[in-house]
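1. Pasting the sequence and the predicted model now:
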There are 2 protein chains.
Amino acid sequence: MISIAIVEDIEEIREPIFEFLQTQKEFVVLFASGSVEEFFDTFDPELPPDIILLDIGLPGISGLGAIKLIKEKLPKTEIIMLTVYDDANKIFQAISSGASGYLLKNTPLEKIKESVIEVANGGAQMSSSIARKVFNYFNNNVSTDSEYSLTKKEKEIVAQIVDGLSYKMIAANLGNSIETIKTHAKNIYKKLHVNSKAEVVAKSMRGEI
Amino acid sequence: MISIAIVEDIEEIREPIFEFLQTQKEFVVLFASGSVEEFFDTFDPELPPDIILLDIGLPGISGLGAIKLIKEKLPKTEIIMLTVYDDANKIFQAISSGASGYLLKNTPLEKIKESVIEVANGGAQMSSSIARKVFNYFNNNVSTDSEYSLTKKEKEIVAQIVDGLSYKMIAANLGNSIETIKTHAKNIYKKLHVNSKAEVVAKSMRGEI
DNA sequence: CAATATCTACCACAAACGTGGTATTGTTTA
DNA sequence: TAAACAATACCACGTTTGTGGTAGATATTG
């Protein structure tokens, strides 16, 4: 019998999963929480769940941030992330933080069941499509790492993007035409595999440049 | 005897400090450079300075960017930032990058002397947690007018902005109309005193939200 | 020398963003 | 209970971005 807890803020997603898993003879669903904080208030330290289905985009402490917290307090509990995004970055962060599985929220209930059983039996649940994404993530961050090298000018521009300046202002600061800055920005985007200033800022501040 | 190096591009600032510190019996000023690059060319790896007085706004590699470089190569060297700005943000960045002190350029020479001695004796060691407090102190002084507290919904939206999503995608993820997301974004911008997604990302990743 | 990389700059067009409004429905709280 | 806040959503308009091109001027280097 596999004990499960669900942490998911959206009732429309949480409840169907809850109901379904509860009807399965292999499982006992201990409880479902709407946030990480609620989870920590609710769970019984004597009876930690075997598996936690954890939403990635929770209000307050995010699911991603919660992984480490949960792993610290409940080292034996396996975590399966639930998410609407199939973003390689998030998947990588989740897996490398200690999550054992990663499911999209539109995954059929039967598949969720299979995944839970697999993870409970010590197998890491990773579908081949997700495996590919994780692989690509590493590929992008290792092999591209050398090509991640921005030129001096490009780095200057990144710095000003991070400061929130418009291309017009950057052009004025660096004494270029706005079109020049846009050309550099295009090249930066290609090198970093992004397509917005916001992503450049995030990548830069994560130290990934 | 405390050994010191000065990295400051403006001669009118560098020289007086150099001259003054050299006359003090507690100090030996090894050399003064006009840039970080020059510093790395000049310094003797066998005789790393105890203290570096480092300008924050240097041409080429900025002082802020140099902190990590210096700390890597010279882990025992303490860094005191020199600056004309008393911008809480820059101070925070400097301190959290590993600088041990922060002096405005118009600080009286005697005060500079005191600070150097204090830092050399391990006194003004600032942990990153203290840095955050320092930062909060400045932050509270600057932004008394506005409540920085975002609502639950607003935080959700910020999270997705940080992930680089367009308003269209955010709307789809959260099940809202694009106009709703834009309205929330407007409110977020007002609360944070910004006017672009890139600035929201930067603020969020600096932990200022 | 020829290839490569960097920096410069322009055009054009669609998409997205930022900002000013207004307005309805609930919920919270002073 | 009236006021304030939170969340929803629409309109309109100008600005900014993002993306597809092309292309000349200088290094740099194999």
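-> Perfect, I can see it now.
2. C-terminal to the lowest-mean-pLDDT helix or strand in chain A, what's the next element?
-> None of the helices or strands of chain A scores lower by mean pLDDT, DSSP states H and E than helix A:128-147, at a mean of 39. Next helix or strand after helix A:128-147 toward the C-terminus (DSSP states H and E): helix A:152-162.
3. can you list the residues that contact that following helix?
-> A:150, A:169-170, A:173-174, A:181, A:184-185, A:187-188, A:191, A:197, A:200-201, A:204-205, A:209, B:198, B:202 (Cβ atoms under 8 Å, 6 or more residues apart in numbering or on different chains). Placement of C-beta: from N, CA and C, glycine included.
4. Give the rounded mean pLDDT of the strand or helix carrying residue A:201.
-> Using DSSP H and E, residue A:201 maps to helix A:197-205. The average pLDDT within helix A:197-205 is 87.
5. before we move on, what about stretch A:46-63?
-> Averaging pLDDT along stretch A:46-63 gives 81.
6. Repeat that for stretch A:182-192.
-> When pLDDT is averaged over stretch A:182-192, the result is 90.
7. if we can go back for a sec, ok, and of the contacts of helix A:152-162, which contact DNA strand C?
-> Checked against DNA strand C using Cβ under 7 Å from any atom of the strand, the contacts of helix A:152-162 give the following subset in range: A:174, A:184, B:198.
8. The helix holding residue A:201 packs against which elements?
-> helix A:152-162, helix A:178-192, helix B:152-162, helix B:197-205 (3 or more Cβ pairs under 8 Å, 6 or more residues apart in numbering or on different chains; DSSP states H and E).
9. let's see it at 7 Å
-> Applying 3 or more Cβ pairs under 7 Å, 6 or more residues apart in numbering or on different chains; DSSP states H and E, one finds that helix A:197-205 contacts helix A:152-162, helix A:178-192, helix B:197-205.
10. quick revisit: the ones next to DNA strand C among the contacts of helix A:152-162, buried ones only, as a ChimeraX selection?
-> Selection of buried members from these for ChimeraX, criterion 16 or more other Cβ atoms under 10 Å in any protein chain shown:
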select /A:184 /B:198
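11. just the ones next to DNA strand C among the contacts of helix A:152-162 now: which is nearest residue A:13?
-> Using Cβ to Cβ, residue B:198 comes nearest to residue A:13 of those, at 31.1 Å.
12. Quick check: closest non-adjacent residue to the closest one.
-> Nearest residue to residue B:198, sequence neighbours excluded (Cβ to Cβ, 6 or more residues apart in numbering or on different chains): residue A:197, at 4.3 Å.
13. For that neighbour, give its distance to DNA strand D.
-> 4 Å (Cβ to the nearest atom of the strand, to the nearest Å).
14. so that residue touches residue B:199, yeah?
-> No. Contact criterion Cβ atoms under 7 Å: residue A:197 and residue B:199 do not qualify, at 9.6 Å.
15. Looking at those two, which is more packed in?
-> For the pair residue A:197 and residue B:199, the greater number of neighbours falls to residue A:197 (24 against 20), based on other Cβ atoms under 10 Å in any protein chain shown.
16. From the centre of chain A, point out the most distant residue.
-> Ranked by distance from the centre of chain A (Cα atoms, centre = their mean), the top residue is residue A:175, with 39.4 Å.
17. Which pLDDT value goes with that residue?
-> In this model, residue A:175 is scored at 86, pLDDT.
18. Check residue A:29 too.
-> For residue A:29, the pLDDT comes out at 91.
19. picking that back up, who touches the helix holding residue A:201?
-> Outside helix A:197-205, the residues within contact range by Cβ atoms under 7 Å, 6 or more residues apart in numbering or on different chains are A:158, A:161-162, A:188, A:192, A:194, A:209, B:161-162, B:164, B:197-198, B:201-202, B:205.
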